[in-house]
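In: how does the following fold in three dimensions:
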Amino acid sequence: MTTTTVARGTMPLADHLREARRRGTRAAVALLVGVIAGYLLSDQILDILRAPIEKLAATREASLNYDTVTGAFDLKLKIAIFTGVVLSSPVWLLELFAFVTPGLTRRERRHTYGFLAAAVPLFVAGCAFGFVLFPHMVQMLTGFSSDQDSTILTASYYVDFVLRIVLAIGIAFVLPVFMVMLNLLGLLSARTLGRSWRVIVVVIVLFSALVTPAADVLSMFLVAMPMSALFGAALLITQLHDRRQTRRALTAPSTGSDLSQKR
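Out: Okay, the predicted model is just below:
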């Protein structure tokens, strides 16, 4: 009789599929609940987004306009989906990591959950910071026109502009944590980051150009600068970690040899 030993942590393909379906269903339900909540809150959120335009209307003609019959409904749906993704992010991120972590070691699992614990509040804080920042950006960008000019904005374009800014700042807050996590897992060294800093800065600029209007260089600059600063902070943390690991590696052999000599 032969016995087959199943490695700890392994799972047949059918069980993987059932696990993926179960966790995907939970994430989808959480997202649906978040979208419904976002739709119910869409009027209040739109009031917040409209506030800079109303402030601008006190000094000149300014308003939001819908260019299609379904424009108002499309805008509420867009706000609902974005809000639902943000509100449900703790659930679907938890389900995603819970599906991945069984294949990781105890150390990797600890780092992964540490990343999750830091990434979720940082992403939410980044989005909140974006909501605080965008009125100043709108005021500054519209301030280049004369008081005699009219500011008439397409509502969908304006909301896209604000949501892109909010999303970009949310991602910027999470980016350094993600890089540090890869470094702690041994997948990304500080030397690699240091050699690639020019490429990373170019990618940050291109990303900033994608999340801001094509002709709006100033808003692209305002998004790219904090992301570059956060990348610099992550690079510094990874360098400190790699130096500490190098010192440990250098002292470990000598300690072992000393013990062997004492024996």
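In: so where do the strands sit in the stretch 51-200 of the chain?
Out: 62-65, 151-154 (DSSP state E, counting those that start in this stretch).
In: which one, of those, ends up nearest to Leu41?
Out: Across the strands of the stretch 51-200 of the chain, Leu41 has its closest neighbour in strand 62-65 (18.2 Å, Cβ to Cβ). The C-beta positions use only the backbone N, C-alpha and C, and glycine is treated the same way.
In: ok, residues contacting the closest one?
Out: Around strand 62-65, the neighbours that count as contacts under Cβ atoms under 8 Å, 6 or more residues apart in numbering are 50, 53-54, 56-57, 142, 150-155, 158.
In: ok, now stretch 163-170?
Out: 78-79, 82, 86, 123-124, 126-127, 129-131, 133-134, 137, 207-208, 211-212, 219, 223, 226-227.
In: same question for stretch 132-145.
Out: 49, 51-53, 55-56, 62, 151, 162, 165-166, 169, 216, 218-219, 222.
In: out of the residues you listed, who's the most crowded?
Out: Counting neighbours by other Cβ atoms under 10 Å, Ile169 leads the contacts of stretch 132-145 with 25 neighbours.
In: which one is it nearest to, not counting chain neighbours?
Out: Gly130 (3.9 Å; Cβ to Cβ, 6 or more residues apart in numbering).
In: where's that neighbour relative to Thr83, distance?
Out: 13 Å (Cβ to Cβ, to the nearest Å).
In: now swap in Val91 and tell me
Out: The value you get for Val91 to Thr83, if Cβ to Cβ is used, is 14 Å.
In: when the two are compared, which one has more neighbours?
Out: Thr83 (22 against 19).
In: my read is that that one contacts Gly38, right?
Out: Yes - between Thr83 and Gly38 there is a contact at 2.9 Å, judged by Cβ atoms under 8 Å.
In: shared neighbours of these two, anything?
Out: Contacts common to Thr83 and Gly38, judged by Cβ under 8 Å, 6+ apart, are Ile45.
In: residues near the nearest residue to Leu222 once chain neighbours are set aside, how many?
Out: Counting by Cβ to Cβ, 6+ apart, Leu222 lies nearest to Met137, which is 6.4 Å off, once chain neighbours are set aside. Burial of Met137 is recorded as 20 neighbouring residues (other Cβ under 10 Å).
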